[in-house]
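Student: no FASTA, just this:
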């Protein structure tokens, strides 16, 4: 396909595609004339992964290029490929491409939780720090949570992750799988948190009843829902 | 207690407490001299709820005052109290204190999902719009998700919400319950998403194996974890 069709099918502008070609994020097409080249499906898949990494994960173009190069080199190893696009798998230099220098900040509560769950998780997974930071914030506000309080949530997270990977299992092309992993992990987060809030409201009605006043949108409670 | 002790125990500065007193967010203390007043535990609880609403939920001081006034008026109705602090329960004027005018944007996919789950949810719950927006974003990027795809996640969200409300059930004071509801709902979100990412990494190892290279942090897989 010509660059104009590649642009139409990927949703990425002509000018941006040319910029990616100059920066080496996208390999050159097959030259058909002095100023024309043909692109194929591999270009389209790579463009979509670039868009996911720069748009959704928020990487710089330089970081995205490092991730893409590493992804291309490890297409046959799905676990490593996913680790690379999530930034939790070290590059040849021994460290994730997109992390600053220095060892990761210690996160003893995440480590205890991961051990209790029997999970295998890279020391570089940045979610470790998020666990410890969140618990520190809650305690500074007087809520006495620790990693053990999070265990029931961790069990539910494990089921959520299985649903996530069920979806990825249906995809055979490795770069497409990497793209979908990024999109589903990052873009689904607002919806998952929204589902929790909807469920909280329902559970609040179940527990605390309809109170002195009926709710404003006043749907009748379906029978048998107690 | 004096204002200095109220400041120490709440973590809110003297100057901010005086500002809240002037703006009417905090009722005056019991005057003990021309320039002195005594404050009690109810002031402390109210200060903590103010901090949760303005700091964590990001409300303006004026919006927080409306929410506090409505909360105080409905302390005996826990479901309504929680609805008020989350901004999903209309005020006396018939609309949540913190929402702009006009009817909520239609969200047919959230409505279908809520009906399929048998949930009771206010028309004003802003999480409805998040569901429809997220699905539109995913589809615009070529991921064919609809509300039915979200059903397994909704089941897990219902269990998460039950854990959330189990915690609140242990609290008897209504304003403290409202404060903890806000803190737990908003502040726990990063940790819940972090748990999903940790679980995804583990599930990826389980499914796709250890590949040609061992993981960098190379913990041995515990026996029986397949």
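Tutor: Yes, it's here. What you see is a predicted model, and the numbers here were worked out from it, not measured in a lab.
Student: all helices for chain A, in order.
Tutor: Assigned by DSSP state H, the helices in chain A fall at A:3-10, A:14-23, A:41-51, A:61-73, A:78-85, A:108-117, A:127-140, A:151-169, A:174-187, A:189-208.
Student: which neighbouring elements make contact with the first one?
Tutor: When contacts are defined as 3 or more C-beta pairs under 8 Å, 6 or more residues apart in numbering or on different chains; DSSP states H and E, helix A:3-10 sits against helix A:14-23, helix A:41-51. Glycine gets a C-beta too; all of them are placed from N, C-alpha and C.
Student: most tightly packed of those helices?
Tutor: Among the helices and strands packed on helix A:3-10, the stretch with the highest mean neighbour count (mean count of other C-beta atoms under 10 Å in any protein chain shown) is helix A:41-51, at a mean of 20.
Student: give me the helices and strands touching that helix, please.
Tutor: So helix A:41-51, by 3+ C-beta pairs under 8 Å, 6+ apart, packs with helix A:3-10, helix A:14-23, helix A:61-73, helix A:174-187.
Student: one more pass at 6 Å, please.
Tutor: When contacts are defined as 3 or more C-beta pairs under 6 Å, 6 or more residues apart in numbering or on different chains; DSSP states H and E, helix A:41-51 sits against helix A:3-10, helix A:174-187.
Student: would you mind getting the angle between the shortest one and helix A:14-23?
Tutor: Using axes from the mean of the first three to the mean of the last three C-alpha atoms, to 10 degrees, the direction of helix A:3-10 lies 100 degrees away from that of helix A:14-23.
Student: what residues of helix A:3-10 count as buried?
Tutor: Residues of helix A:3-10 classed as buried: A:3, A:6-7, A:9-10 (neighbour count, 16 or more other C-beta atoms under 10 Å in any protein chain shown).
Student: export the residues you listed as JSON lines, with columns for pLDDT.
Tutor: JSON lines is the format used below for those (pLDDT from 0 to 100):
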{"residue": "A:3", "pLDDT": "93"}
{"residue": "A:6", "pLDDT": "94"}
{"residue": "A:7", "pLDDT": "94"}
{"residue": "A:9", "pLDDT": "90"}
{"residue": "A:10", "pLDDT": "86"}
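Student: nearest to residue A:129, out of those: which one, please.
Tutor: residue A:10 (34.0 Å; C-beta to C-beta).
Student: the closest one reaches residue A:47, doesn't it?
Tutor: Yes - under the criterion of C-beta atoms under 6 Å, residue A:10 makes contact with residue A:47 at 4.3 Å.
Student: show me the residue at the heart of chain A, geometrically.
Tutor: Residue closest to the mean C-alpha point of chain A, counted by C-alpha atoms, centre = their mean, is residue A:185 at 3.0 Å.
Student: which pLDDT value goes with that one?
Tutor: pLDDT, residue A:185: 85.
Student: any idea how far residue B:177 is from it?
Tutor: Residue A:185 is 33 Å from residue B:177, where distance means C-beta to C-beta, to the nearest Å.
Student: next one: residue A:122
Tutor: 39 Å.
Student: of these two, which one has the most company?
Tutor: Between residue A:122 and residue B:177, residue A:122 has the larger neighbour count (other C-beta atoms under 10 Å in any protein chain shown), namely 24 against 21.
Student: roughly how far does the more buried one sit from residue B:173?
Tutor: From residue A:122 to residue B:173 the distance is 43 Å (C-beta to C-beta).
Student: ok, now residue A:17?
Tutor: 60 Å.
Student: measure stretch A:136-151 end to end?
Tutor: This stretch, stretch A:136-151, spans 17 Å end to end (C-alpha to C-alpha, to the nearest Å).
Student: okay, the helices and strands packed on helix A:3-10 in a markdown table with mean pLDDT next?
Tutor: Below are the helices and strands packed on helix A:3-10 laid out as a markdown table (pLDDT from 0 to 100):
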| stretch | mean pLDDT |
| --- | --- |
| helix A:14-23 | 94 |
| helix A:41-51 | 88 |
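Student: show me the shaky parts of chain A.
Tutor: A:89-103, A:210-226 (pLDDT under 70).
Student: please parse it into its domains.
Tutor: Following automatic domain parsing, one finds the domains of chain A at A:1-39, A:40-208.
Student: which stretch among those domains comes nearest residue B:59?
Tutor: Here domain A:40-208 is closest among those (C-beta to C-beta), at 16.2 Å.
Student: tell me how far that closest one lies from the chain's centre.
Tutor: Taking C-alpha atoms, centre = their mean, to the nearest Å, one finds the center of domain A:40-208 at 5 Å from the center of the full chain.
Student: wait, does stretch A:148-160 contact chain B?
Tutor: Yes - contact of stretch A:148-160 with chain B (C-beta under 6 Å from any C-beta of the partner chain) involves A:152-154, A:156-160.
Student: buried subset of these as a ChimeraX selection?
Tutor: To isolate in ChimeraX the members of the residues of stretch A:148-160 next to chain B that are buried, counting by 16+ other C-beta under 10 Å, one can use:
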select /A:153,154,156,157,158,159,160
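Student: using TSV, lay out the residues of stretch A:148-160 next to chain B together with distance to residue B:37.
Tutor: Listed next are the residues of stretch A:148-160 next to chain B as TSV, based on distance: C-beta to C-beta, whole Å:
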residue	distance to residue B:37
A:152	44
A:153	43
A:154	47
A:156	47
A:157	48
A:158	52
A:159	53
A:160	50
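Student: chain B: which of the residues of stretch A:148-160 next to chain B is nearest?
Tutor: Lowest distance from chain B to the residues of stretch A:148-160 next to chain B (C-beta to the nearest C-beta) belongs to residue A:157, with 3.6 Å.
Student: show me what contacts that closest one?
Tutor: B:195-196, B:199 (C-beta atoms under 6 Å, 6 or more residues apart in numbering or on different chains).
Student: sounds good, over and out.
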